[in-house]
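[1] Pasting the sequence and the predicted coordinates here, then a few questions.
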Amino acid sequence: MRCGTLPRLYRSSYRRSTAPAGVPLTKVFSNSFPRSFIDSLSDYKDRLQLDKFQHELLSLLSFFPDGDDTRKVQILKVPVYRIPSETGFINELCIYPKGKSHDDPNLKHLVLVHGYGAGLGFFLKNLDRISEYGCSNGWMIHAIDLYGYGCSSRPQFPCSESLTSSVVTEWFTDTLRQWFEKRVSSPRDDTLVVAHSMGAYLCALFNMHHPEFFDRLVMCSPAGISAPESDIPVPTWFNYLWNKNVSPFFIVRYASILGSMLVSGWTSRRFARLTPSEQEALHRYAYGIFNAPGSGEYVLNYLLAAGGIPRNPLRDAIQKLKCEVCWIYGEDDWMDVHGGRRCHELMNRVSNNSSEYHVVPNSGHHLYLDNHSVFNGLVISQMKKYN
């Protein structure tokens, strides 16, 4: 299915994300899957062309791929590796001021990092407004796919490690370090990181070990902050699969030609507020990265127990953060909003780094999509602190 032709896909009403606690199987299979068989088959035929899905999606931006009067844009494959014999890369969308280069040492840097299972394309509704401001004020915008996600390399994940092993988180923090060394040449006080969900948790860990790369972190509905105040009911079957580290994307791959149809049960609700062309392109992009070989997704069981309960809550190590933090949650967020507020208050009491806290109205966990205008304004307000 090409982006120019819109199928009868998005008939379901918008629905916000909920905690990963499982639902009765009868409810799972009663969901609506509006993608037609013909369109699902077409998506399946294109399934190996992740860069094509990404290009279709980013082409909805007025300045992609040729730039405009103020912006230039490039897709980069930045070499990284976990072992010397491994040849991998981090996929990056780079937006920078016209007249500058993608490796200009005199620009400030904004780095966008996605959450679990997602990719840089999920920032579709943020890239235009943020880069419009940024490129007029000396910023370079980097949207990246974490190693093992999106259109980045997808090597074999170290699934044999114990739950207490540091190898798993180092898999991400070490490749992030290599990417920063190659792509962000300015001092740490000229670099802002905006990260969502699991990406926010990993960026916080990264800052604790490598504080030299950035001095401000915007934590957008972060995962892994603190244990819940009350028990989260989790079905037995869901808890069993979770602890066996069975990826939620396994069923998409196993479904073969019906995989895109199954994904439409989620995308038809998640993206229902977007335009038809945005819905279609984001659906194909989401299907493509969900269906791609499993890699970084297997970190989930190492960071969280079923129900989204953190195995190593960030709150217990909050004093180790070496940067200023801005916490942003959705008004109807399923993440631990109160835990985030407590961390914010704790930082301002015991840390040398300042903390601020915001709630985006009319939004849930995916606040950058649910209320992108308010979210974009908050990010730009953080950028203005560097002026």
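    Noted; the coordinates are in hand. Keep in mind the model is a prediction, meaning the values are calculated, not measured.

[2] alpha carbons only for contacts and neighbour counts from here, please
    Noted.

[3] Contacts for stretch 162-178, please.
    80-82, 146-147, 158, 161, 202-203, 205-206, 210, 299, 301-302 (CA atoms under 8 Å, 6 or more residues apart in numbering).

[4] one more time with 10 Å
    78-82, 88-90, 144, 146-148, 157-161, 179-183, 199, 202-207, 209-210, 213, 296, 298-299, 301-303, 311-312 (CA atoms under 10 Å, 6 or more residues apart in numbering).

[5] how about the strands of the stretch 1-150 of the chain, start to end?
    Under the criterion DSSP state E, counting those that start in this stretch, the stretch 1-150 of the chain contains strands at 71-80, 88-97, 108-113, 139-144.

[6] Show me the helices in the stretch 1-150 of the chain, by range?
    25-28, 37-45, 50-58, 124-135 (DSSP state H, counting those that start in this stretch).

[7] right, and those - which one's nearest Thr70?
    helix 124-135 (6.6 Å; CA to CA).

[8] now for that closest one, which elements pack on it?
    helix 50-58, strand 71-80, strand 88-97, strand 108-113, strand 139-144, helix 276-291, helix 367-370, helix 372-384 (3 or more CA pairs under 10 Å, 6 or more residues apart in numbering; DSSP states H and E).

[9] Now render the ones you listed as CSV, adding mean pLDDT, distance to Arg270 and mean neighbour count.
    Shown next, in CSV, are these (pLDDT from 0 to 100; distance: least, CA to CA, whole Å; neighbours: other CA atoms under 10 Å):
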stretch, mean pLDDT, distance to Arg270, mean neighbour count
helix 50-58, 98, 16, 21
strand 71-80, 97, 26, 18
strand 88-97, 97, 23, 24
strand 108-113, 97, 19, 24
strand 139-144, 98, 21, 26
helix 276-291, 97, 9, 24
helix 367-370, 96, 9, 24
helix 372-384, 98, 14, 17
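
[10] Okay, Ser354 and Glu324: tell me how far apart.
    Note on Ser354: its distance to Glu324, by CA to CA, to the nearest Å, is 5 Å.

[11] Need the residue closest to the centroid of this structure.
    For the chain, the residue lying nearest the average C-alpha position, counting by CA atoms, centre = their mean, turns out to be His114 (1.5 Å).

[12] Who are the contact partners of that residue?
    Per CA under 10 Å, 6+ apart, neighbours of His114: 120-123, 143-146, 149-150, 194-200, 220.

[13] Look up the pLDDT of the spatially closest residue to Cys323 that is not a sequence neighbour for me, please.
    Nearest non-adjacent residue to Cys323, counting by CA to CA, 6 or more residues apart in numbering: Asp215, 4.5 Å away. At Asp215, the model reports a pLDDT of 94.

[14] Over to Pro84?
    75.

[15] could you dump stretch 331-343 to CSV, C-alpha only?
    Taking Å, rounded to 0.1, in the frame of the first residue of the first chain, the C-alpha atoms of stretch 331-343 are listed here in CSV:
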residue,chain,number,x,y,z
GLU,A,331,-2.7,14.6,32.2
ASP,A,332,-4.1,11.1,32.0
ASP,A,333,-0.7,9.3,32.0
TRP,A,334,-0.5,5.7,33.1
MET,A,335,3.1,6.2,34.2
ASP,A,336,3.8,6.9,37.9
VAL,A,337,3.0,10.7,37.8
HIS,A,338,3.2,11.0,41.6
GLY,A,339,6.5,9.2,41.6
GLY,A,340,7.9,11.7,39.1
ARG,A,341,6.7,14.6,41.2
ARG,A,342,8.4,13.1,44.3
CYS,A,343,11.6,12.7,42.3
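
[16] how much distance is there from it to the middle of the chain?
    18 Å (CA atoms, centre = their mean, to the nearest Å).

[17] same check, this time on stretch 219-226
    12 Å.

[18] Check stretch 361-370 too.
    14 Å.

[19] what's the answer for stretch 93-103, then?
    With CA atoms, centre = their mean, you get 22 Å for stretch 93-103.

[20] go on, stretch 137-144?
    17 Å.

[21] Over to stretch 318-328?
    19 Å.

[22] Can we start the residue count at 22 from this point?
    In the new count, where the first residue is 22, that last one comes out as stretch 339-349.

[23] Could you list the buried residues of it?
    Ile339, Gln340, Lys341, Leu342, Lys343, Cys344, Glu345, Val346, Cys347, Trp348, Ile349 (16 or more other CA atoms under 10 Å).

[24] neighbours of the nearest residue to the second one once chain neighbours are set aside, just the number please.
    Beyond its immediate neighbours in the sequence, the residue positioned closest to Gln340 (CA to CA, 6+ apart) is Ser372, lying 6.0 Å away. The tally of other residues near Ser372 (other CA atoms under 10 Å) stands at 17.

[25] same thing with Glu202?
    Counted with other CA under 10 Å, Glu202 comes out at 11.

[26] how about low-confidence regions in the stretch 172-321 of the chain?
    Across the stretch 172-321 of the chain, nothing is flagged by pLDDT under 70.
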